[in-house]
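Asker: sequence and predicted structure are below.
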Amino acid sequence: MASVRLEDVHKTYPNGHVAARGLTLAIEEGELLVFVGPSGCGKSTALRMIAGLETPTSGRVWIGDRDVTQLPPQERDIAMVFQSYALYPHRTVSENLAFGLRMRGSSRTLIEERVGRAASALGLEEFLDRKPGQLSGGQRQRVALGRAIVREPKAFLFDEPLSNLDAKLRVDTRAELGRLHRRLGATMVYVTHDQEEAMTLGSRVAVMHDGVFQHVAPPMDVYSRPANRFVAGFVGSPAMNFFDCDCEEREGAPCLVSGALSVPVQAGEWVRKAGPGAILGVRPHDIELCAASDCDVPARVDVVEPLGSEVLLHLQLGTDAEAEHVRAVVSPEAGARVDDVVGLRFHRDRLHIFKSSSKTRLN
């Protein structure tokens, strides 16, 4: 296994589209790092430049201690798993797993050893004599993973490998991938647009937007202290609520004020940096219902969505003409019903405050 490193990598296509802007990142040996972001953010381009399927306009790509920027894919000693399984339909699972090694002229003993080890790791022993058409989608994806594993490359690259699976199978296969990473201790770079995949799989997560790494950190750091408004809005479900606020002093303490909303906040260096205005972010799970006399803002329940152990409330602040809409996740025992007027209180130690101009984190 080997580390992977990007050094000030840019990618501009002939039509002028800029897909990567100064990407710099070190992926440690044995790490599972996830590129996540919306469609068109540059995550697949970044992966393809590591693989050698795209050439950077400028900058360098390193795998281990080798500068591979100009090397073709076959000389980089990496293995890729794509969204499509790309299996040979006329060959058995065993033959599909062994195909790459046979093409490299590996010995029969080595092939049998590695195929057996990969089949055992992925639970494919009973399917070795079957052909892809006799397998489920999840089993075929495991064969595609196994074909990469038998090569024992320096790094594994995954380009949305679970996109074709149904919801339950995605969860099961995702768990298998996590176990596989721990078992192999392999360097893995994984691309997805699914934030749940990113949060559950990654040792670290690299959130991308507009060709730039917005935040690179362990998953819970990205969730609890997002670097900017984009990351805060992208990571987390339901999405974070945002309020454009004025910074005012009330009763000797700083407050963030937006219409009927008034939230006292702890004074700090961020108050000076914020200037007269700031953006307040509050996750739906960090809002609780309370008495109107003890709330940050009154609201009217607009929609109630039961989710089993939780209830998602869509609430309206202010008048119909100037209404702001807020989402809150509460317990079913709260008993909220459509058109109820309730009080909302925000957890003070979980507020997210961003600069109005740059959208960067302040607190």
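Answerer: The structure has been received and is ready for your questions. Keep in mind that what you see is a predicted model, and the values were worked out from it rather than measured.
Asker: residues near the closest residue to Leu87 other than its chain neighbours, how many?
Answerer: Excluding its sequence neighbours, the residue lying closest to Leu87 (Cβ to Cβ, 6 or more residues apart in numbering) is Pro132, at 4.4 Å. From N, CA and C alone the C-beta is placed, and that goes for glycine too. By the measure other Cβ atoms under 10 Å, the count of residues near Pro132 is 20.
Asker: I figured Pro132 was touching Val143, is that so?
Answerer: Yes: the criterion here is Cβ atoms under 8 Å, and Pro132 meets it with Val143 at 7.0 Å.
Asker: now do the shared contacts for those two.
Answerer: Tyr85, Leu87, Val93, Asn96 (Cβ atoms under 8 Å, 6 or more residues apart in numbering).
Asker: identify the farthest-apart pair in those residues.
Answerer: Within the shared contacts of Pro132 and Val143, Tyr85 and Val93 form the most distant pair, 11.5 Å apart (Cβ to Cβ).
Asker: mutual contacts of those two, please.
Answerer: By Cβ under 8 Å, 6+ apart, the residues touching both Tyr85 and Val93 are Pro132, Val143.
Asker: pairing partners for the strand or helix carrying Ala19, with directions?
Answerer: Counting by DSSP states H and E, the element that carries Ala19 is strand 18-27. Applying DSSP bridges, strand 18-27 is found paired with strand 4-12 (antiparallel).
Asker: Cys31 contacts Thr187, correct?
Answerer: In this structure residue 31 is Glu, not Cys. Yes: counting by Cβ under 8 Å, Thr187 is a contact partner of Glu31 at 6.1 Å.
Asker: between these two, which one's more packed in?
Answerer: Taking neighbours as other Cβ under 10 Å, Glu31 and Thr187 compare with Thr187 leading, 25 against 20.
Asker: okay but that one is in contact with Ile27, surely?
Answerer: Yes: contact criterion Cβ under 8 Å: Thr187 and Ile27 qualify, at 6.6 Å.
Asker: quick check: neighbours shared by the two?
Answerer: Shared contacts of Thr187 and Ile27 (Cβ under 8 Å, 6+ apart): Ser3, Val4.
Asker: tell me the spacing between Phe127 and Gly146.
Answerer: 10 Å (Cβ to Cβ, to the nearest Å).
Asker: scratch that, His352
Answerer: In terms of Cβ to Cβ, His352 sits 42 Å off from Gly146.
Asker: how about Ala239: what's its closest non-neighbour residue?
Answerer: Using Cβ to Cβ, 6+ apart, the closest residue to Ala239 is Gly233 (5.7 Å).
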